[in-house]
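**Q** sequence and predicted model, in that order:
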2 protein chains.
Amino acid sequence: MEQTDLDTTVLDDRLAAAKQASYRLARATTAEKDAALEQVSSLLRARAVDIVSANELDLEAGRASGLAEGLLDRLTLDVRRITSIADAVLEVIGLTDPIGETLSGRTLPSGVRIDQVRVPLGVVGAIYEARPNVTIDIAVLALKSGNAVVLRGGSAAEHTNRVLIDVLRDALDAVGLPAEAVQTVDDFGRAGARHLMQARDYVDVLIPRGSAGLIRAVVDEARVPVIETGAGVVHMFLDESAPEQWAVDLVHNAKVQRPSVCNALETLLVHRDAAERLLPSVIDRLEASGVTVHADERVRALRPEALPVTDEDWATEHMSLDISVGIVDSLDDALAHIRRYSTKHTESIITNDLGNAERFLNEVDAAAVMVNASTRFTDGAEFGFGAEVGISTQKLHARGPMGLPELTSTKWIVRGAGHVRA
Amino acid sequence: MEQTDLDTTVLDDRLAAAKQASYRLARATTAEKDAALEQVSSLLRARAVDIVSANELDLEAGRASGLAEGLLDRLTLDVRRITSIADAVLEVIGLTDPIGETLSGRTLPSGVRIDQVRVPLGVVGAIYEARPNVTIDIAVLALKSGNAVVLRGGSAAEHTNRVLIDVLRDALDAVGLPAEAVQTVDDFGRAGARHLMQARDYVDVLIPRGSAGLIRAVVDEARVPVIETGAGVVHMFLDESAPEQWAVDLVHNAKVQRPSVCNALETLLVHRDAAERLLPSVIDRLEASGVTVHADERVRALRPEALPVTDEDWATEHMSLDISVGIVDSLDDALAHIRRYSTKHTESIITNDLGNAERFLNEVDAAAVMVNASTRFTDGAEFGFGAEVGISTQKLHARGPMGLPELTSTKWIVRGAGHVRA
């Protein structure tokens, strides 16, 4: 229910309450935070029927408004999915609490002792699309790292999110932590989201999760610092020396295993002197899995049935079984193409040439740069981080898969005994 | 000379040239970068006469336009100052090159090897006021950490900066690195600065250095990610148990040693039960050094000659020999006052009570939180970082004194041998 006449007082009260609660959360012990997460997990199970009923309302509204089948699927929560979310919350309990970790420290020549310790960011804002599991994901990671959270889920998940936010707040309350640490601006619609993006006095960081369009809009509008999580126009380059079996397997795994995620392959570049050797088997394997090939002129000379690739294709994250394929004259040309179209998420070279591997690793500017590995490895769980906040494609603060430490800042603790500066 | 009719093509060409050059800088060896810095240092000495002449033009214009004496002083470069800048450049050569450092790494269960290594940010934009030494400072730190740099100095230093930028570019050229790694938008005036702040495609981070007003303007206008360096409304709290000599010495050192810098003390809070014991000697010592006291009613009951403090005073970084002094009823009230007015730079408690010390260290949210030490210690050189880019008062990416590592990002290097994700 979007309210067009925005009452910023109510909004600011909520943001101020989140800020106030964040001071308490920052001092919460690991035991307190873990107890809250256990409550979240059991309340999710206990209220599964309520959650499903609320979700039914959202699904009905979604069907009525003609929401696409894929979006409806992401919106759906059934008891099985709720159970799996509740299980995932328990896994977060098992992760190391980053708060209080000493990152560096020394005694200065004057005798003053300095220590750099991890502290929470404070208030984390999250703006995401109608995937109710993200509500729990983000809130649980924020709470475990001692942060308060302000949520703006998609309006299509409004009823579901309302119940989930009650679960979160009741869980905090049950263990004596402030329920105000979880806030929503969903009932203020887009105006609420816009207000959240401007609220530098209350919100320490904003994490957009969702489509490239959503992320772009947040980056453009926000005055609160943003961590961009990202769209991936992911490339693989088959170097002249690429072993055929690796080329076939890695391209197939990167493209086909889960085409709708950001680490899936979008563009395949092949060295001209390897094209005739590699492309037939690589493309045969892709096509056998239903992949549609968009090819440049030189590839089409070998595979005339392929669709012609457009400049827009090179720049597009298809999130589907489509792949753009081109032939390049050299490693330099591959690097130039990647530099032009990369979203700086993940790029991989398949090669048996050590010099070329090192050049690729050094010269490609991306969160993850790979040699002879599937781009699907860029993932918090694969990297051993446990839960994942998202994959940062920016260079400040966090780059690549973000875990709990990326939801923290640091402060310097300085201890003297009457020390003055000389 | 501000050009009102902005030619964005020329500006974009420069930013694109900086981006292109940044790829070469990112691959430059430590030896190459240090050779460039040696050249910068010797060219500064060799061209001292040219620099002074250009500086004379700026100073004349400054005097003609009625620039304040303090600003004229900061604008002035004489041979002695140029020599000291050239010496400081040599010190940066001695700092550890952060690029290539491995921050973490492991072999995944699948056998894939991942390493997180430091890489340059790319292109660093700097917006600062008419202090020509900052031109060399920032450029040299950016180059040492493998970044290209786009500079926007104050227009009042235009002639001086032009010569300094020639020095930087000639130094790069002399050692075979691209001169394009140093760019200026000074000749485009405010329009150039605005363009720089929007240039997300070319510029990776923007660092404003200068007054609170300048920093606010950059934060408000920029679409490029900003690292806020900071204004400091710095507090000291004299707890009930504060030893008198420490109180007198630390308050004096923090306020008087260098009042125009960001880690200087602005506000003194005193526990009501210590006020009569401590305030007379603390204030006597301050007044003997020419400090003007702005006091609340309860302090004025003890020191009727003090000026009344205003709400604006509490929120002001005076940068002068002025101090705001208030009496609070408890540590909680001190924490609440600090929470309200702090710019999150540096806060210090003087106490002999361990419990209160720990509460202050834990609960105050600032880049540096101190017990029984002068706030003047928050400084890159004091912390042992060598040169300092600035002091970040934000929570993302860097917090507190920023050295070379804070001018870097990371990337994940992933090495497989035909590994696909299961």
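**A** Good, I have the coordinates. Keep in mind it's a predicted model, so treat the numbers as computed, not measured.

**Q** A:D353 against A:D239, yeah?
**A** Yes: the pair A:D353 and A:D239 qualifies as a contact (CB atoms under 8 Å) at a distance of 6.0 Å. In short, each C-beta sits where N, CA and C put it, glycine included.

**Q** now do the same end-to-end measure for stretch A:59-69.
**A** End-to-end span of stretch A:59-69 (CA to CA, to the nearest Å): 11 Å.

**Q** let me see the mean pLDDT of that stretch.
**A** Mean pLDDT, stretch A:59-69: 94.

**Q** now it: buried residues?
**A** A:59, A:61-62, A:67 (16 or more other CB atoms under 10 Å in any protein chain shown).

**Q** max-length helix in chain A?
**A** In chain A, with assignment by DSSP state H, the single longest helix is helix A:8-27.

**Q** tell me how far the helix or strand hosting A:R162 lies from the chain's centre.
**A** Assigned by DSSP states H and E, A:R162 belongs to helix A:158-174. Centroid separation for helix A:158-174 versus its chain: 22 Å, with CA atoms, centre = their mean, to the nearest Å.

**Q** residue contacts, the closest residue to chain B within the stretch 251-400 of chain A?
**A** At 3.0 Å from chain B, A:A373 is the closest residue in the stretch 251-400 of chain A, using CB to the nearest CB. By CB atoms under 8 Å, 6 or more residues apart in numbering or on different chains, the contact set of A:A373 is A:250, A:348, B:112, B:414-416, B:419.

**Q** over to A:T375?
**A** Taking CB under 8 Å, 6+ apart, we find A:T375 in contact with A:234, A:236, A:254, A:263-265, A:346-348, A:368.

**Q** for it, give me phi and psi.
**A** The phi and psi torsions at A:T375 (degrees, to the nearest 10) take the values phi -60, psi -10.

**Q** go on, A:E317?
**A** phi -90, psi 100.

**Q** can you tell me how far it is from B:R152?
**A** Distance from A:E317 to B:R152, counting by CB to CB, to the nearest Å: 34 Å.

**Q** count the neighbours of A:G100 for me.
**A** 13 (other CB atoms under 10 Å in any protein chain shown).

**Q** wait, A:A288
**A** If you count neighbours by other CB under 10 Å, A:A288 ends up with 10.

**Q** same thing with A:L206?
**A** Going by other CB under 10 Å, the residues that sit close to A:L206 add up to 26.

**Q** ok, A:L143 next?
**A** If you count neighbours by other CB under 10 Å, A:L143 ends up with 29.

**Q** how about the contacts made by it?
**A** So A:L143 contacts A:25, A:33, A:36-37, A:149, A:168, A:172, A:181-182 (CB under 8 Å, 6+ apart).

**Q** now pLDDT and neighbour count too, for the residues you listed, in TSV please.
**A** Formatted as TSV, the contacts of A:L143 follow (pLDDT from 0 to 100; neighbours: other CB atoms under 10 Å in any protein chain shown):
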residue	pLDDT	neighbour count
A:L25	97	27
A:K33	98	23
A:A36	98	26
A:L37	98	22
A:V149	98	28
A:L168	98	27
A:L172	98	28
A:A181	98	29
A:V182	98	27
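
**Q** among the buried residues of stretch A:59-69, which ones are in helices?
**A** Under the assignment DSSP H, the buried residues of stretch A:59-69 contribute A:59, A:61-62 to helices.

**Q** adding distance to chain B, write those residues out as CSV.
**A** Shown next, in CSV, are these (distance: CB to the nearest CB, whole Å):
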residue, distance to chain B
A:L59, 32
A:A61, 35
A:G62, 32
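
**Q** the stretch 201-350 of chain A against chain B: which residues are in contact?
**A** By CB under 8 Å from any CB of the partner chain, the residues of the stretch 201-350 of chain A that approach chain B are A:204-205, A:219-220, A:223, A:225-227, A:243, A:245-246, A:249-250, A:252-253, A:257, A:339, A:348.

**Q** of all the contacts of A:A373, which two lie farthest apart?
**A** A:L250 and B:R415 (13.1 Å; CB to CB).

**Q** how about the strands in the stretch 101-250 of chain A?
**A** Counting by DSSP state E, counting those that start in this stretch, residue ranges of the strands within the stretch 101-250 of chain A are A:102-107, A:113-120, A:123-128, A:148-152, A:182-184, A:205-209, A:234-238.

**Q** looking at those, which one has the lowest mean pLDDT?
**A** Note on the strands of the stretch 101-250 of chain A: strand A:205-209 shows the lowest mean pLDDT, a mean of 93.

**Q** who are the neighbours of that one, in terms of helices and strands?
**A** strand A:123-128, helix A:132-144, helix A:212-221 (3 or more CB pairs under 8 Å, 6 or more residues apart in numbering or on different chains; DSSP states H and E).

**Q** for stretch A:382-402, how far is the first residue from the last?
**A** 12 Å.

**Q** pLDDT averaged over it - what is it?
**A** Stretch A:382-402 comes out with an average pLDDT of 89.

**Q** gap between that stretch and the chain center?
**A** Distance, stretch centre to chain centre, for stretch A:382-402: 7 Å (CA atoms, centre = their mean).

**Q** sorry, back to before: what residues sit buried inside the helix holding A:R162?
**A** By neighbour count on 16+ other CB under 10 Å, the buried set for helix A:158-174 is A:158-169, A:171-172, A:174.

**Q** now do stretch A:274-291
**A** Residues A:274-275, A:277-279, A:282-283, A:285-287, A:291 are the ones in stretch A:274-291 that count as buried (16+ other CB under 10 Å).

**Q** can I get those residues in a markdown table with pLDDT and distance to B:G100?
**A** Output for those, formatted as a markdown table (pLDDT from 0 to 100; distance: CB to CB, whole Å):
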| residue | pLDDT | distance to B:G100 |
| --- | --- | --- |
| A:A274 | 98 | 30 |
| A:A275 | 98 | 34 |
| A:R277 | 98 | 35 |
| A:L278 | 98 | 33 |
| A:L279 | 98 | 36 |
| A:V282 | 98 | 34 |
| A:I283 | 98 | 38 |
| A:R285 | 98 | 37 |
| A:L286 | 98 | 37 |
| A:E287 | 97 | 42 |
| A:V291 | 97 | 38 |
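
**Q** which one of A:D353 and A:D239 is surrounded by more residues?
**A** The neighbour comparison of A:D353 against A:D239 (other CB under 10 Å) goes to A:D239, with 25 against 15.
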